[in-house]
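Participant: fold the following and give me the result.
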Amino acid sequence: MKPFTQLAGVAAALDGRNIDTDQIIPARFLKKNRAAGYGEYLFHDLRIDAATQEPTAFVLNQDVFKHASILVADHNFGCGSSREGAVYTLADFGFRAVLAPSFGDIFYSNCLKNGLLPIRLDAVVLANLRQLITEKAKNTSEALRINIDLDAKTVQWPGQGQAIHFDIDPFWRECLLKGVDEVTLTLSYQKEISAFEQNHYASHPWLKA
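Facilitator: Sure, this is the predicted structure:
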């Protein structure tokens, strides 16, 4: 898993509440070989017209957002099923972070376990940000870039002024900064764990009986 420290990336705006995991990756694609990558299936049924099989006007089909690494979404993003494939497809497409007012609980957890940073921010702030992203692309054909600093727990973009703080569990912050999952992080403290056990059993010898 690639460490996440700082990111200055192109942001894409996705309007609509309750974007569920079946919209993120339709269930029929979960049978595909994960090793080959899931990126091409991201929002497949929104990106491809079912009747013509031609690309739609969906945001990620626009050239300015084809290399987006930050997704700015709305309430309850990633609700629905517990499929980890929803996180895989976002990561394989190139996304490193998702900003939303709220997330589906299991989706949020899956993000943290797979190196995709989910950031909860105020709904009004994000609504204004999505509008700014859309208007900049429409008026200048250029993408808005957002700066994320996980170490400082801040998000900032042009014209926004002071960086905005976000909260994240310290354990998962450390995992993401180091690019490890919870098991690997725990094993990295093996020396400290062994020392604790040795001292604990020395002061409580009956526990080993």
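Participant: for the longest strand along the chain, packing partners?
Facilitator: Longest strand in the chain, counting residues (DSSP state E): strand 6-13. If contacts are counted by 3 or more CB pairs under 8 Å, 6 or more residues apart in numbering; DSSP states H and E, strand 6-13 sits against strand 70-72, helix 123-140, strand 145-149. For every residue, glycine as well, the C-beta is placed using N, CA and C.
Participant: show me what counts as buried in it.
Facilitator: By neighbour count on 16 or more other CB atoms under 10 Å, the buried set for strand 6-13 is 7, 9-13.
Participant: ok, that strand: who's next to it in the sheet?
Facilitator: Strand pairing for strand 6-13, determined by DSSP bridges: strand 70-72 (parallel), strand 145-149 (antiparallel).
Participant: how about residue 83: what's its closest non-neighbour residue?
Facilitator: residue 21 (5.2 Å; CB to CB, 6 or more residues apart in numbering).
Participant: so what does that neighbour have for phi and psi?
Facilitator: Torsion angles at residue 21 (phi, psi; degrees, to the nearest 10) stand at phi -70, psi -20.
Participant: using JSON lines, lay out the helices and strands packed on strand 6-13 together with mean neighbour count.
Facilitator: Output for the helices and strands packed on strand 6-13, formatted as JSON lines (neighbours: other CB atoms under 10 Å):
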{"stretch": "strand 70-72", "mean neighbour count": "27"}
{"stretch": "helix 123-140", "mean neighbour count": "15"}
{"stretch": "strand 145-149", "mean neighbour count": "19"}
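Participant: any chance of those in TSV, with distance to residue 201 and mean pLDDT too?
Facilitator: Shown next, in TSV, are the helices and strands packed on strand 6-13 (distance: least, CB to CB, whole Å; pLDDT from 0 to 100):
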stretch	distance to residue 201	mean pLDDT
strand 70-72	48	98
helix 123-140	51	96
strand 145-149	42	97
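Participant: which outside residues touch stretch 141-157?
Facilitator: Residues outside stretch 141-157 that contact it (CB atoms under 8 Å, 6 or more residues apart in numbering): 4-12, 64-65, 68, 70, 72, 97, 99, 117, 119, 121, 129, 132-133, 136-137, 158, 162-168, 173, 176-177.
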